[in-house]
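Peer 1: Whatever this is, show me its structure:
(one chain, ligands or ions: 1)
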Amino acid sequence: MLSEVLMVSAPGKVILHGEHAVVHGKVALAVALNLRTFLRLQPHSNGKVGLSLPNIGVKRDWDVARFQLLDTSFLEQDDITAPIPEQVEKLKEVADFPEDCAINERLAVLAFLYLYLSICRKQRTLPSLDIMVWSELPTGAGLGSSAAYSVCLAAALLTACEEIPNPLRDGDGISRWTEKDLELINKWAFRGERVIHGNPSGVDNAVSTWGGALRYQKGQISSLKRPPALKILLTNTKVPRSTKALVASVRNRLIKFPEIVAPLLTSIDAIALECERVLGEMAVDPALEQYLVLEELIDMNQHHLNALGVGHASLDRLCQVTMAHGLHSKLTGAGGGGCGITLLKPDVEQLAVEATKQALTGCGFDCWETSIGAPGVSVHLATSLDTPIRQVLDGL
Ligand code: MEV
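Peer 2: Sure thing, here's the model as predicted:
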């Protein structure tokens with residue numbers, strides 16, 4: 001068991017195309033955001049395991065001795081369906097939630113306990129440690145905050161239990177794990193995501209693990225080679241929604257109207273593939289016409305997503321406001337509110353971008369320009385982190 005403090009971070013994501021369709025085996029294109037989740041793991045000898053999540057006001061600890069007495073054989077699993085609902089039900093008993101505990105707190109704690117007990121149960125004694133996780137990502141907005149949380153937990157716990165080595169060498173400020181280790185991190189992070197979302201496709205944890213720009217289909221992940229440095233406007237409508245409920249609603253619509261909904265999913269798949277082709281072309285020979293194609297793809301996909309029933313009045317408003325400034329937008333992630341992306345062509349004047357941002361802010365939305373394709377899960381030397389982040393993680 002590791003004895004020193006470990007600092008880990010993982011990025012959020014935006015899905016360019018393929019949300020919802022990816023749950024049904026279609027292609028998704030996703031890119032890592034330059035907004036990250038940070039985790040600090042402090043090993044202890046005080047006999048407690050603690051979890052602190054300042055973003056959502058969670059601070060809990062449990063006696064390691066109580067966990068040590070538990071029969072954790074119910075956590076044994078080997079297949080990708082883990083954890084099954086029965087395992088999650090048992091974990092709820094272990095967590096011992098107060099009655100008034102909010103749902104997002106319950107899910108975050110369950111994912112933590114699941115990963116802690118499953119990964120650390122191979123140790124002779126369960127480790128005593130404190131984990132603090134803090135994020136730059138808004139929660140429940142479609143930017144992959146839960147996946148970044150699961151990825152950070154998986155990476156930190158696997159490293160603390162020496163299932164994977166700490167890749168940080170003397171003199172490094174930041175480092176990343178090998179491909180093989182990333183695969184293990186991603187596998188456990190997917191299980192954490194399943195605790196939170198029920199039946200996710202796995203695209204969010206994959207992009208948070210590997211970073212950059214990815215094509216994802218049925219667990220097959222490939223990095224887009226040299227993706228163009230697209231500039232986007234990211235807008236949070238601040239309308240809360242549940243990914244789990246939205247994914248279930250699309251599934252129900254597919255069951256109810258298979259002849260209507262299946263072709264929509266096939267068309268979204270074709271949009272993602274066309275976007276991938278155009279991005280490939282742009283990497284070699286960028287031209288303005290390619291941006292016009294990307295805009296058309298965005299508009300078509302947004303209409304499809306509305307037809308799937310995952311739109312929202314706030315997202316319609318976002319699209320109308322940006323269109324009034326000649327810019328094209330679509331929802332990103334699960335929809336039903338949450339976030340939207342707007343493509344910024346290279347010829348768009350900064351004044352126009354500012355005017356659009358102002359109009360969106362005027363609707364009560366949060367809006368920021370961002371770059372995409374950030375690095376995936378990383379380990380940091382504590383002193384290399386920016387002071388404000390370090391202070392939050394040190395509980396100051
Ligand atoms: C959520 O970021 C994307 C969805 O496609 C769900 C998933 O892929 O698990 C809506």
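
Peer 1: buried set for the helix or strand of the chain with the lowest mean pLDDT?
Peer 2: In the chain, no helix or strand scores lower on mean pLDDT, DSSP states H and E than helix 387-393, which sits at a mean of 75. Buried residues in helix 387-393, defined by neighbour count with 16 or more other CB atoms under 10 Å: 389, 390, 392, 393. To be clear about C-beta, it is placed using only N, CA and C from the backbone, and glycine gets the same treatment.

Peer 1: Would you agree the second one is in contact with residue 382?
Peer 2: Yep, that's residue 390 we're talking about. Yes. Between residue 390 and residue 382 there is a contact under CB atoms under 8 Å: 6.6 Å.

Peer 1: Flag the shaky bits of this protein, pLDDT-wise.
Peer 2: 78-80, 396 (pLDDT under 70).

Peer 1: Find the residue at the geometric middle of it.
Peer 2: residue 144 (2.2 Å; CA atoms, centre = their mean).

Peer 1: Show me what the longest strand anywhere in the chain is packed up against.
Peer 2: Counting by DSSP state E, the longest strand found in the chain is strand 28-43. Strand 28-43 sits against strand 6-17, strand 129-135, helix 145-160, helix 203-210, strand 213-217, helix 258-284, strand 366-371, helix 387-393, with contacts defined as 3 or more CB pairs under 8 Å, 6 or more residues apart in numbering; DSSP states H and E.

Peer 1: Does that strand reach the ligand?
Peer 2: No. Strand 28-43 is not in contact with the ligand by CB under 6 Å from any ligand atom; minimum separation 6.7 Å.

Peer 1: Kindly export that strand (C-alpha atoms) in PDB.
Peer 2: Extracted in PDB, the C-alpha atoms of strand 28-43 (Å, rounded to 0.1, in the frame of the first residue of the first chain):
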ATOM      1  CA  ALA A  28     -20.000   8.500 -30.900                       C
ATOM      2  CA  LEU A  29     -17.300  11.100 -31.400                       C
ATOM      3  CA  ALA A  30     -16.200  12.600 -28.100                       C
ATOM      4  CA  VAL A  31     -13.500  15.100 -27.000                       C
ATOM      5  CA  ALA A  32     -11.900  15.800 -23.700                       C
ATOM      6  CA  LEU A  33     -12.500  19.200 -22.200                       C
ATOM      7  CA  ASN A  34     -10.000  21.500 -20.500                       C
ATOM      8  CA  LEU A  35     -12.200  21.400 -17.400                       C
ATOM      9  CA  ARG A  36     -11.000  18.700 -14.900                       C
ATOM     10  CA  THR A  37     -11.800  16.800 -11.700                       C
ATOM     11  CA  PHE A  38      -9.000  16.600  -9.100                       C
ATOM     12  CA  LEU A  39      -8.500  13.900  -6.500                       C
ATOM     13  CA  ARG A  40      -6.200  13.900  -3.400                       C
ATOM     14  CA  LEU A  41      -5.700  10.600  -1.700                       C
ATOM     15  CA  GLN A  42      -4.000  10.700   1.700                       C
ATOM     16  CA  PRO A  43      -3.100   7.400   3.300                       C
END
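
Peer 1: what's across from residue 29 in the sheet?
Peer 2: Using DSSP bridges, the bridge partners assigned to residue 29 are residue 17, residue 215.

Peer 1: That one: neighbour count?
Peer 2: Counted with other CB atoms under 10 Å, residues neighbouring residue 29 total 25.
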